[in-house]
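Asks: Dropping a prediction and its sequence here:
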There are 2 protein chains.
Amino acid sequence: MATRRYEQRLRAQSAEQTRRRVLDAVYDQLPKIPSVDAVARQAGVARSTVYLVFGSRAGLFDALLHDVSERGGFADLVRAVQDPDPLTHLRGAVLASTRIYGGQRDVLVALRAEAASLEGALERTEQGRLGGLVHLANRLDENGLLAVEKDVAVDVLWTLTGFEAFDALHTGRGLPVDDVAARLLLTAERTLLRLPPP
Amino acid sequence: MATRRYEQRLRAQSAEQTRRRVLDAVYDQLPKIPSVDAVARQAGVARSTVYLVFGSRAGLFDALLHDVSERGGFADLVRAVQDPDPLTHLRGAVLASTRIYGGQRDVLVALRAEAASLEGALERTEQGRLGGLVHLANRLDENGLLAVEKDVAVDVLWTLTGFEAFDALHTGRGLPVDDVAARLLLTAERTLLRLPPP
DNA sequence: GCAGCGAAAGACAAGTTGTCTCGCGAAATG
DNA sequence: CATTTCGCGAGACAACTTGTCTTTCGCTGC
């Protein structure tokens, strides 16, 4: 049974293609949350293949979560965070994250609905956001811009920059994405800053 | 086939009892979201009885929604809204609703998870909250207390008094209920009021 | 007693997730 | 070119769920 070397080129590449086709099939069926069978049919793939590639329904949505994290305007968010001016940092972070939520809204709703099966994978993703907010609060504090305790600032930013706050205004109140960003930014600035804009 | 009069006393009362037993069985199994079968077994009732009384799984959770609305500290909320001072009104409303969310957290999470089957029944319940917030914003405006547009005030209050904002701080950040209320109230006051507290 | 009705019991259909087996066919290797 | 390897389709099966319907039991109310 001396297993011989086996380097994949075309095969690995075609495997990656079916993986993508399945993920795209999930996007295609949003905002309805599809069954594994529906995803497989839409992707033109056997249902057993989905289980082969992703392990389970939860594994499929876990992969979807990572896919969302790697896509979409996260570049803008990273750029905003690197601005030397803390106020521009704040402004850019709220605007960029709101636009991400607006673009990915359906996927994020689906992932929230599947959250029970995801065993905290969603929360783990949010750890990064929390870290960024702590950093932001520190910078604002160092520059003497904060009108409240640093802990309080983190809590307020956590609430305002989450998907739930976005969706409350966007879906709940019917506001367009940029209006949502304006409301959230206004709230953050007037609550946190020593000299808020009028 | 002349159907004769039939006034129910004990029978209607026992029917009401099984209805309550079923609803209580749902509460018993929280925070896990139970199947109809599990609810029936916990209630000591046949599964078919659940369907007889509530029509469907969605009907069961719809009844649960109404049950939650009628229970819990909604009396405090109503009392707060009737205070002559708009600032006390604001303060009392945020505090009371936060405490309701804290007490009913598991049920509300379950209802949110079932929201897809509930066909907007949850949103209809939220209409009452929106109406109350519009009223509050009007009163603040009439007294010259608002530092922002009335529409903006409603949007901000909508975000801050929703269950999602509560849960972001309570579950997401691990804050006790009264600390959550403090953060939310601070944010509302500093954002909306012309002369916010320090 | 007798009729009405709440409720149990249980069969049945349909949809879902998850597991496993079998086998084809194309890519990789010597 | 022959052989190995492995991605993937096809399909059977088990287990669980929602939802519907029929039959039967037993207590209540006239």
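Replies: In hand now; what should we look at?

Asks: Outline the domain layout of chain A.
Replies: Domains of chain A are assigned by automatic domain parsing as A:10-55, A:70-192.

Asks: Nearest to chain B among those would be which one?
Replies: Comparison of these against chain B by Cβ to the nearest Cβ identifies domain A:70-192 as nearest, at 3.5 Å. No exception for glycine: its C-beta is placed from N, CA and C like everyone else's.

Asks: what about the closest one, start to end distance?
Replies: By Cα to Cα, to the nearest Å, the extent of domain A:70-192 from end to end equals 31 Å.

Asks: low-scoring pLDDT stretches of chain A, where are they?
Replies: A:1-9, A:11, A:196-198 (pLDDT under 70).

Asks: Need the nearest residue in space to A:L146, chain neighbours excluded.
Replies: Of all residues not flanking A:L146 in the chain, A:L140 sits nearest, at 5.1 Å (Cβ to Cβ, 6 or more residues apart in numbering or on different chains).

Asks: got a list of what the one you found touches?
Replies: By Cβ atoms under 8 Å, 6 or more residues apart in numbering or on different chains, A:L140 lies in contact with A:86, A:90, A:146, A:153, A:192-193.

Asks: Check A:L65 too.
Replies: A:111, A:118, A:121-122, A:125 are the contacts of A:L65 under Cβ under 8 Å, 6+ apart.

Asks: cutoff 10 Å now
Replies: By Cβ atoms under 10 Å, 6 or more residues apart in numbering or on different chains, A:L65 lies in contact with A:107-108, A:110-111, A:114-115, A:118, A:121-122, A:124-125.

Asks: distance of it from chain B?
Replies: Relative to chain B, A:L65 is positioned 17 Å away (Cβ to the nearest Cβ, to the nearest Å).

Asks: What subset of the contacts of A:L65 is buried?
Replies: A:107-108, A:110-111, A:114-115, A:118, A:121-122 (16 or more other Cβ atoms under 10 Å in any protein chain shown).

Asks: distance of the spatially most central residue of chain A from DNA strand D?
Replies: Central residue of chain A (Cα atoms, centre = their mean): A:S69, 5.4 Å from the mean position. From A:S69 over to DNA strand D the distance is 23 Å, taken as Cβ to the nearest atom of the strand, to the nearest Å.

Asks: So that residue sits against A:G128, correct?
Replies: Yes. In this structure A:S69 lies within contact range of A:G128 using Cβ atoms under 10 Å: 8.7 Å.

Asks: Would you mark the buried spots in stretch A:131-149?
Replies: So, applying 16+ other Cβ under 10 Å, buried residues of stretch A:131-149: A:132-134, A:136-137, A:139-141, A:145-148.
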